[in-house]
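Need a 3D model of the sequence below.
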Amino acid sequence: MAQVSPRANGTAAPPDVPGEHEPQDDDSEGTDSIVRLPRTLGLFNGIMQLSGTVIGSGIFVSPKGVIQEVGSVGLSLIIWVACGIYALIGAHCFAELGTLGTHIRKSGGVYNYIQESFGDLPAFAFVWASLLVILPAANAAIAITFADYALYPFFPDCGAPVVANRLLAAVAIGMTDIV
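Down below sits the predicted model:
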């Protein structure tokens, strides 16, 4: 039976049962020197994270461009459905990798999936590509989209000046860095 130890404020701490609050690795052999991040991401949090990542701000910008380039609402809807199926295939790949929880028990997300699947070099290259290109470009696109929509009420007929748009986008990125 697990013992309940009192906390400093007099309330009882949860019992120290391995596997109840934090999963233990098979090779841990009872050592307490290993530091692990707690697994607190639930189903709702995971769905919201994936929805925000997949949908993002692109849904507010790209329909206009797709309809302009295609010239047909029906064909643009077919393209959106095809892209949705493509994203669903990617989500299923991540779900399959996520079921390998007994095999890949490290924090690090996509890096660990690539490392286990393809080796150290592709995982390292992915991290650097994400750090230097993918994430900054995504943040810039989101910030420019925000600036477009935030400045539209002030310039409804002529469009916002490019300098004002880029300045507001830079301020938005700076604010997210501060927060």
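
Count the neighbours of Ile173 for me.
17 (other Cβ atoms under 10 Å). The C-beta positions use only the backbone N, C-alpha and C, and glycine is treated the same way.

typo on my end, it should be Ala147
Per other Cβ under 10 Å, the neighbour tally for Ala147 reads 20.

That one and Asn165 touch, don't they?
Yes. The criterion here is Cβ atoms under 8 Å, and Ala147 meets it with Asn165 at 4.7 Å.

Now do the lengthiest helix in the chain: which elements does it pack against?
If you go by DSSP state H, the chain has its longest helix at helix 73-98. Packing partners of helix 73-98 (3 or more Cβ pairs under 8 Å, 6 or more residues apart in numbering; DSSP states H and E): helix 43-55, helix 58-70, helix 110-118.

Can I get those in TSV including distance to Phe126?
Shown next, in TSV, are those (distance: least, Cβ to Cβ, whole Å):
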stretch	distance to Phe126
helix 43-55	16
helix 58-70	21
helix 110-118	5
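
of all those helices, which lies closest to Leu88?
Nearest of the helices and strands packed on helix 73-98 to Leu88, taken as Cβ to Cβ: helix 43-55 at 9.4 Å.
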